Structure formats: structure tokens, C-alpha cells
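Student: Take a look and give me a structure for this.
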Amino acid sequence: MTTPRDAGAPLYQQIHKLLLGRLEAGRWQVGDKLPAIPELAEEFSASVVTIRQSLALLEVDGIVRRQRGVGTTVVRDLTRLRWVSLPVTLKQLIETLKTVQPRVLNLRRGASLPEVPIGVDERASASYVRMRRLHHVGDSPYCLIDLALDERLYRQAARQYERLPVLSIMSEQGALKGVAARQQLTIRVAEVDEARHLRIEPGAAVAEVRRTIVDRDGVVTYAAVVLYPSRVVRLDMNLLTD
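Tutor: Below is the predicted model of the structure:
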């Protein structure tokens with residue numbers, strides 16, 4: 001195998017990313033040994049020194065342990081990082097929020113909607129509370145959100161909306177009954193500020209999901225642009241069979 005050459009990154013970093021992706025995909029489990037250095041060097045058309053540099057990065061992150069005469073052993077399970085399963089129903093979406101810890105990065109009242117598609121029979125509310133939030137699962141960033149919440153809903157439970165997942169509070173308030181909800185998925189690259197919050201490299205792929213919730217009167221009560229690190233996203237869908 002010939003490793004794709006990226007002029008912007010040293011070869012050992014490119015190989016490190018490829019190995020990391022294989023570990024996240026479960027090719028090697030905890031206790032397994034990675035292929036020997038000469039074998040990896042041949043596969044990636046790289047020198048032994050370059051492979052050692054790549055493995056050193058994995059060791060620094062606590063993913064593998066290198067021992068002379070033993071080899072490189074996997075000591076950390078990265079498959080559990082793939083915890084972002086994009087929901088396809090509102091019920092599933094609320095269920096996924098039970099384990100996240102939100103942190104508000106900034107908050108503005110009297111704001112407008114983010115750039116989300118609005119139907120011809122739908123309209124914006126008079127005023128929104130706009131929040132930029134970072135959600136974590138444990139110590140790992142889960143997603144970065146730019147959301148707008150109808151200010152009328154926000155005033156009913158402002159403290160809860162700032163401390164807890166917004167959709168969970170909307171559900172508790174009964175604000176999701178009879179609503180129309182939709183989402184749009186796009187894969188793009190992360191900007192510098194986005195990458196910093198998600199702990200990924202600028203230009204890395206992210207899954208951007210634009211969500212809207214519209215009440216019975218056609219008013220958009222919630223709109224959000226959500227960014228997930230794409231390397232930990234999975235989308236499960238049933239295919240229609242006519």
C-alpha cells in the first residue's frame with residue numbers, strides 16, 4: 001500500500017491518522033499486537049524510523065504500549081469513541097441527550113435564527129435566545145451547537161435551558177407535542193475555532209446537522225446547527241422497500 005502524500009503534514013502524522021482510524025474501527029482490540037514495524041514500513045512505503053514516530057504518537061496518547069522484544073500492544077479501546085449515532089426520530093434524539101453535559105459558551109437575547117431552511121408556510125418567532133454550546137460525554141467533546149430557542153419558551157425555564165439539553169426541557173414542558181421536526185445532514189470541514197472546541201485539527205471533516213422544530217401554528221420554536229466530529233458519527237437507517 002502506498003500512503004497518500006499530504007504536503008501539509010509529515011508522513012509519520014499521516015500514518016498515525018491511518019492507524020488511529022483502524023483502531024477506532026476495531027481492527028485491533030485491547031490486547032492485540034499491531035503488525036511488526038518492518039511490516040508496517042512495507043505497507044506504507046515508509047522507513048522504519050517513520051513508523052516508530054507514528055507508533056510513538058499512539059503511545060503518548062495511551063493507546064498502545066511498546067516493549068522491546070514484545071512488540072506494540074493495544075491497551076485502550078477506541079471503538080467506544082464511536083458514540084455518536086445520529087437519530088432519525090425526535091424520540092431517539094431526546095434519548096441520546098441523557099448522557100451529555102452541556103456548557104454554554106455564549107448567550108444572546110433578542111437574536112435571530114441561524115441559517116436553517118424554513119418552509120413557505122413557516123415563520124420565525126418575534127425573538128429568540130441564541131446560545132452557542134459545547135456538549136461533552138465524559139471528557140470528550142460530543143458536539144458543538146449554535147441554537148436559537150423561542151424566547152417565550154426560554155423565559156418559562158431559563159435556568160434549566162442554560163444547564164441542561166434544550167430539547168429535553170422542551171419535552172418536559174410539552175413544547176414538542178404536535179410539532180414538525182426535520183434535519184439536514186452535510187459533511188464539511190471544520191473551521192479553526194470549531195476544531196479547537198471539538199479537539200480536532202482545522203480542516204478535519206465534521207458532520208453538520210441543521211435541525212428545526214415548528215409548532216402547530218407554523219412558528220419555528222427551535223433551530224440549531226450542530227457539528228459532530230465525523231470520525232465518530234454513525235447513521236443507521238432502514239431502507240424503504242416500496
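
Student: Below-threshold pLDDT in this structure: ranges please.
Tutor: Regions of the chain meeting the criterion pLDDT under 70 cover residues 1-8, 80-85, 231-232, 234-238, 240-242.

Student: ok, which stretches of the chain are helices?
Tutor: 11-24, 37-43, 48-60, 90-96, 151-156, 158-163, 166-173, 192-198 (DSSP state H).

Student: Specify the stretch among those that is closest to residue 102.
Tutor: helix 158-163 (7.2 Å; CB to CB). In this view, the C-beta of every residue, glycine as well, is placed from N, C-alpha and C.

Student: ok, and for that closest one, which residues are buried?
Tutor: 161-162 (16 or more other CB atoms under 10 Å).

Student: returning to what we had before: wait, which of the helices of the chain is closest to residue 145?
Tutor: Using CB to CB, the nearest of the helices of the chain to residue 145 is helix 166-173, at 8.5 Å.

Student: got a list of contacts for the closest one?
Tutor: 90, 93-94, 97-98, 131, 147, 149, 153, 156-157, 160-161, 176, 213, 221-222 (CB atoms under 8 Å, 6 or more residues apart in numbering).

Student: got the buried residues for that helix?
Tutor: 166-171.

Student: Ramachandran angles for residue 165?
Tutor: phi -60, psi 130 (degrees, to the nearest 10).

Student: picking that back up, let me have the helices of the chain in JSON lines, adding distance to residue 140 as columns.
Tutor: Below are the helices of the chain laid out as JSON lines (distance: least, CB to CB, whole Å):
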{"stretch": "helix 11-24", "distance to residue 140": "12"}
{"stretch": "helix 37-43", "distance to residue 140": "27"}
{"stretch": "helix 48-60", "distance to residue 140": "17"}
{"stretch": "helix 90-96", "distance to residue 140": "14"}
{"stretch": "helix 151-156", "distance to residue 140": "28"}
{"stretch": "helix 158-163", "distance to residue 140": "20"}
{"stretch": "helix 166-173", "distance to residue 140": "20"}
{"stretch": "helix 192-198", "distance to residue 140": "9"}
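
Student: Would you tell me which of those helices gets closest to residue 71?
Tutor: Nearest of the helices of the chain to residue 71, taken as CB to CB: helix 37-43 at 8.5 Å.

Student: CA atoms only: put the closest one into CSV for me.
Tutor: Output of helix 37-43 as CSV, limited to C-alpha atoms (Å, rounded to 0.1, in the frame of the first residue of the first chain):
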residue,chain,number,x,y,z
ILE,A,37,7.4,-2.3,12.4
PRO,A,38,9.0,-3.8,9.2
GLU,A,39,5.6,-5.0,8.0
LEU,A,40,4.1,-1.5,8.6
ALA,A,41,7.0,0.1,6.9
GLU,A,42,6.5,-2.1,3.8
GLU,A,43,2.7,-1.5,3.8
